[in-house]
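**Student:** Output the structure for:
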Amino acid sequence: MHDRGVMKTYHHENALLGIDKEKQPKVLRCFSKYVKGRVEAAGLLPLMTCIFPSVDKTMLSAFSEIWKLETSSFHLPFGEMTITLDDVSSLLHIPVEGKFFTLPTLTCEEATIILVKQLGVTRDEVAEEIRRSLGPYARSSWLLKVVEEMAEKGLTKKAARAFLLRLVKMTIFCGKTNSKVEVSYLGLFLGLEKVGEFAWGAMELAYLYDQLKEATKLRTNSIGGYLNLFQAWIFEHCPTNLFDRNVCLYSGWIRHSGMIRPYVPERVMRQFQMLQDQPNLPPANIPPIEEIDNLEKEADDDDSGSGDAMHGGGGPDKKRKGKVAEVS
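**Tutor:** Numbering: from 1, shown residues only. The predicted model follows:
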């Protein structure tokens, strides 16, 4: 079975808040009462606080490999699980009921017109931004600048549109264009009084399902979607303390009386919800019974700084030293 390794992820927490050199969130400085009110009316205010400093790429990669297109679910050793609308509502606290939408396909000229009209920027500024973005897109850094400028001028509606556009594309509809935002999403915020009518949570879930579908393809090496939700769901339903890693990931020999058997969990890492690397072949030579006395926890000289680990003498992993316990 082909294993692609750890996938590239797209996580924009610092960029979302516009963290500057003094570690101060620029977004919050232009987060006026009106802009906050529009975000709250849309039901998207929780996205401002649903923040992980980072995401676990290895864990997300492992889960994406067991996603099945036909059932929209993860196939785990004990059965199927999936991210549900209840999970979205409970973890993100954004609305899962309401209207769906269909995005238009915009040309660069159409994108220029809508940005000029709805965000209050000049045509020259937009033309330069689209040129730099190589299509009907706008960079998130440019949108943050627009939010600041419109807020300073008191053009609160235009600031709110730019803010909401940037927010949804860096969170619930985060794609693989890195910092580029599709201008077509701006159509969702033309009528700010109606932003609360959309089923943001349901649409976010459909978007994440689609990103997981793409991630299952053999040549895909990255994953998009709202990975904060993905990671929060794993933490909620598959806590990491389900097993003692020091014990379960021990690799070596175990024995019962004179029966000696290899214990090689590195061949079934997916069972521990971890990324499966190419395992070594099982060892051919069984060590003398005198070397297999007990299983003990001790520091691993070959992995400084890793803390305690379980080690076995003469086992499949020849780097490990120590003794292995007899199984009664």
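
**Student:** nearest residue to the residue positioned nearest the centre of the chain other than its sequence neighbours?
**Tutor:** With distances taken as C-alpha atoms, centre = their mean, Leu227 lies nearest the centre of the chain, 2.4 Å away. Distances taken as C-beta to C-beta, 6 or more residues apart in numbering place Val55 nearest to Leu227, at 4.8 Å, with adjacent residues excluded. All C-beta spots, glycine's among them, are computed from the backbone N, C-alpha and C.

**Student:** and what of Ser184?
**Tutor:** Counting by C-beta to C-beta, 6+ apart, the nearest residue to Ser184 once its immediate chain neighbours are dropped is Leu103, at 4.5 Å.

**Student:** Which element, helix or strand, includes that neighbour?
**Tutor:** In this structure, Leu103 sits in neither a helix nor a strand according to DSSP states H and E.

**Student:** residues contacting it?
**Tutor:** By C-beta atoms under 8 Å, 6 or more residues apart in numbering, Leu103 lies in contact with Glu182, Ser184, Tyr185, Gly187.

**Student:** Let me know the closest of those to Leu47.
**Tutor:** Leu47 lies nearest to Tyr185 out of the contacts of Leu103, by C-beta to C-beta, at 14.4 Å.

**Student:** Contacts only, for that closest one.
**Tutor:** With contact taken as C-beta under 8 Å, 6+ apart, Tyr185 is in contact with Leu103, Leu165, Val168, Lys169, Phe173.

**Student:** Can you give me the domain assignment for the chain?
**Tutor:** Here the domain parsing of the chain from automatic domain parsing is 8-237, 245-325.

**Student:** Can you say which of those is packed in most?
**Tutor:** For the domains of the chain, ranked by mean neighbour count under the definition mean count of other C-beta atoms under 10 Å, the leader is domain 8-237 at a mean of 17.

**Student:** for it, what is the average pLDDT?
**Tutor:** Averaged across domain 8-237, the pLDDT comes to 85.

**Student:** Check for me that Arg131 belongs to a helix.
**Tutor:** Yes. Counting by DSSP: H, G, I helix; E, B strand; the rest coil, Arg131 is located in a helix.

**Student:** Roughly how far does it sit from Cys108?
**Tutor:** 9 Å (C-beta to C-beta, to the nearest Å).

**Student:** which residues in the protein form strands?
**Tutor:** Counting by DSSP state E, one finds strands in the chain at the ranges 8-9, 67-68, 73-76, 79-81, 137-139, 180-182, 222-223, 252-256, 259-263, 294-299, 308-311, 324-325.
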